[in-house]
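A.B. asks: Okay, sequence plus prediction incoming.
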Amino acid sequence: MARELLGSLLVRRIGDQTLSGRIVETEAYKGLEDPASHAYKGDRGRAKIMFGEVGHAYVYFTYGNHFCVNVVAKDTKTPAGAVLLRALQPVEGVDVMAKNRGLAEPRDLASGPGKLTRALSIDRSFYGADLTVKGALYIAEGWVEPVERVGVSPRIGIKKAADRPWRFFLEPNVFVSRYRSRT
DNA sequence: CACCCGATTATCT
DNA sequence: GATAATCGGGTGT
């Protein structure tokens, strides 16, 4: 699913305003067998949602400053799993995203998991939200085949299970995260 | 571009 | 008390 989500559109509606971005970077997190996953310790706490319905949002707060958003994803035999959305290519409402971020440069607006939630005003109120139905936050229907290639690398910013190549990104693409991103 | 660091809080030991 | 699925600002090459 981390691969499949590349190229699809994440949409945030606020009143009559629409903000959206094309997903250009993702990371896969498994459950009980993935030491880097928040679901590694089981069906409890904030990770509870990762054991729930696919297509729902797992939003968590980290480093005392940032929210990150995941899409719950797993097959029917797997108890838990999610895909972290790491970067967006801004599409609609770029001016509002710039305002939310206090920046003007499009490539810096959503090029990181904490940046994209700030750009789209995504916070813990979306914990558990169903991203498959058109609401305040959803993934649009009509997935478009990416024209870019899919690059693969180890996941970023983790220490446990850091060897697993479960980060996926479209390349060439200037909107992917650049901190500590080596391909 | 590479590396370093402080901010700030939920979660775990 | 320590760590963390991060970011932005700083320094030095």
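C.D. replies: In hand now; what should we look at? Residues are numbered from 1 along each chain as shown, chains lettered A, B, ... in the order given.
A.B. asks: The biggest strand by length in chain A near DNA strand B at all?
C.D. replies: The single longest strand within chain A, with elements called by DSSP state E, is strand A:17-29. No - for strand A:17-29 and DNA strand B, the contact criterion (CB under 7 Å from any atom of the strand) is not met; the two come no nearer than 14.0 Å. In this view, the C-beta of every residue, glycine as well, is placed from N, C-alpha and C.
A.B. asks: For that strand, give the mean pLDDT please.
C.D. replies: Across strand A:17-29, the average pLDDT comes to 98.
A.B. asks: list the helices and strands that strand packs on?
C.D. replies: strand A:9-14, strand A:82-92, helix A:94-101, helix A:113-119, strand A:167-171 (3 or more CB pairs under 8 Å, 6 or more residues apart in numbering; DSSP states H and E).
A.B. asks: change it to 10 Å
C.D. replies: Strand A:17-29 sits against strand A:9-14, strand A:66-72, strand A:82-92, helix A:94-101, helix A:113-119, strand A:137-139, strand A:149-153, strand A:167-171, with contacts defined as 3 or more CB pairs under 10 Å, 6 or more residues apart in numbering; DSSP states H and E.
A.B. asks: Would you tell me which of the ones you listed gets closest to A:Gly128?
C.D. replies: strand A:66-72 (9.1 Å; CB to CB).
A.B. asks: Find the helix or strand that the closest residue to DNA strand B within chain A is a member of.
C.D. replies: When scored by CB to the nearest atom of the strand, chain A has A:Gly64 as its residue closest to DNA strand B, at 2.0 Å. Counting by DSSP states H and E, no helix or strand carries A:Gly64.
A.B. asks: count of neighbours near it?
C.D. replies: Using other CB atoms under 10 Å, A:Gly64 has 5 other residues around it.
A.B. asks: Next: A:Lys134.
C.D. replies: Using other CB under 10 Å: A:Lys134 sits among 13 other residues.
A.B. asks: where does it land in three-state SS?
C.D. replies: coil (DSSP: H, G, I helix; E, B strand; the rest coil).
A.B. asks: ok, now A:Arg46?
C.D. replies: helix.
A.B. asks: That one: what's it in contact with?
C.D. replies: By CB atoms under 10 Å, 6 or more residues apart in numbering, A:Arg46 lies in contact with A:His38, A:Ala39, A:Tyr58, A:Val59, A:Tyr60, A:Phe61, A:Arg124, A:Tyr127.
A.B. asks: Now the buried members of these.
C.D. replies: Among these, those buried by neighbour count (16 or more other CB atoms under 10 Å) are A:His38, A:Ala39, A:Tyr58, A:Val59, A:Tyr60, A:Tyr127.
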